[in-house]
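K.L.:
next one to model:
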Amino acid sequence: YGVEVYRPEIIADCNQIFSRDIAFVIEDKLIKANILPHREEEFQAILHVLEFIALENILYPPEEVHIEGGDVMPWKEYIFIGTYTGHDYPDYITARTNWEGVEYIRKMFPHKKVKSFELRKSISNPKENALHLDCCFQPIGHDKAIIHKNGFLIEEEYEWLVSHFGRENIFEITGDEMYHMFSNVFSISPDVIVSERNFTRLNNWLRDQGFTVEEIPYAEVSKQGGLLRCSTMPLVRD
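P.N.:
You can find the predicted model right below:
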């Protein structure tokens with residue numbers, strides 16, 4: 001599809017899988033994610049890419065701001081953000097974006113409507129855990145979305161999304177499908193989606209909606225808690 005692809009440098013003895021975790025782009029700004037401390041070195045692997053970006057367009061959030069790219073979704077006039085603001089936030093290694101992260105994005109992009117969603121977290125049951133927003137929801141195309149209701153801690157927030165997109169434009173996934181990362185496909189454009197080849201039910205629906213679906217074998221990666229969207233980090237957004 002003519003996409004210019006940059007690969008992170010290889011760091012010895014480092015578990016490098018999900019580039020969406022370490023940084024993300026909104027408009028012309030690249031924001032470095034404040035991720036788990038033992039993963040900080042992963043950012044060093046993309047320094048050669050940052051050389052192409054003006055210094056004033058690279059944002060480094062303060063230490064108290066916890067945010068990862070899988071929780072951040074620019075969508076038209078909105079920025080959707082997954083978060084967890086419970087008092088037991090420090091007890092959950094699966095909670096990656098805090099309220100300070102939401103407020104930071106709101107401050108940096110005041111012209112956008114920042115809409116946050118409380119995600120369901122579990123340390124012991126992966127089928128009850130939405131690690132990031134893109135593990136239970138993703139807008140696609142021009143007006144459609146993939147969603148799993150139980151990934152949202154507050155039902156009214158789930159219902160807001162259903163109302164916003166329209167139920168006829170939504171593909172609802174089951175708990176097992178969320179676990180296998182059905183919502184973690186990757187959109188190259190509003191018309192082309194890269195998906196795991198075993199996602200038969202989803203891929204058939206996408207084609208019925210007019211999408212071109214590029215199927216690839218990628219299922220094993222889902223065991224790490226992410227899939228195609230998590231593995232990619234777009235640098236230029238239209």
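K.L.:
list the contacts of the residue positioned nearest the centre of the chain.
P.N.:
What sits nearest the mean C-alpha location of the chain, by Cα atoms, centre = their mean, is residue 70, with 2.6 Å. Residue 70 makes contact with 18, 20-21, 82, 96, 131-135, 226, 229-230 under the criterion Cβ atoms under 8 Å, 6 or more residues apart in numbering. Heads up, the C-betas are built off the backbone N, CA and C, glycines and all.
K.L.:
looking at those residues, which is nearest residue 167?
P.N.:
Closest to residue 167 out of the contacts of residue 70 is residue 133 (19.6 Å), distances taken as Cβ to Cβ.
K.L.:
nearest residue to the closest one in space, please, no chain neighbours.
P.N.:
Once flanking residues are discounted, residue 133 sits nearest to residue 82: 2.9 Å by Cβ to Cβ, 6 or more residues apart in numbering.
K.L.:
any idea how far the one you found lies from residue 56?
P.N.:
28 Å (Cβ to Cβ, to the nearest Å).
K.L.:
just to revisit the earlier point, doesn't the residue nearest to the centre of the chain fall inside a helix?
P.N.:
Yes - according to DSSP: H, G, I helix; E, B strand; the rest coil, residue 70 belongs to a helix.
K.L.:
export the contacts of residue 70 to a markdown table and append columns for neighbour count and distance to residue 36.
P.N.:
A markdown table is the format used below for the contacts of residue 70 (neighbours: other Cβ atoms under 10 Å; distance: Cβ to Cβ, whole Å):
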| residue | neighbour count | distance to residue 36 |
| --- | --- | --- |
| 18 | 25 | 12 |
| 20 | 25 | 14 |
| 21 | 25 | 9 |
| 82 | 29 | 16 |
| 96 | 26 | 8 |
| 131 | 28 | 12 |
| 132 | 28 | 13 |
| 133 | 25 | 17 |
| 134 | 28 | 18 |
| 135 | 29 | 16 |
| 226 | 21 | 14 |
| 229 | 24 | 19 |
| 230 | 26 | 14 |
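K.L.:
among these, which are in helices?
P.N.:
229, 230 (DSSP state H).
K.L.:
could you export the contacts of residue 70 as a markdown table, including distance to residue 125 and pLDDT?
P.N.:
Below are the contacts of residue 70 laid out as a markdown table (distance: Cβ to Cβ, whole Å; pLDDT from 0 to 100):
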| residue | distance to residue 125 | pLDDT |
| --- | --- | --- |
| 18 | 21 | 93 |
| 20 | 23 | 94 |
| 21 | 22 | 91 |
| 82 | 18 | 97 |
| 96 | 17 | 87 |
| 131 | 12 | 89 |
| 132 | 17 | 94 |
| 133 | 19 | 97 |
| 134 | 19 | 97 |
| 135 | 14 | 95 |
| 226 | 17 | 92 |
| 229 | 22 | 97 |
| 230 | 20 | 95 |
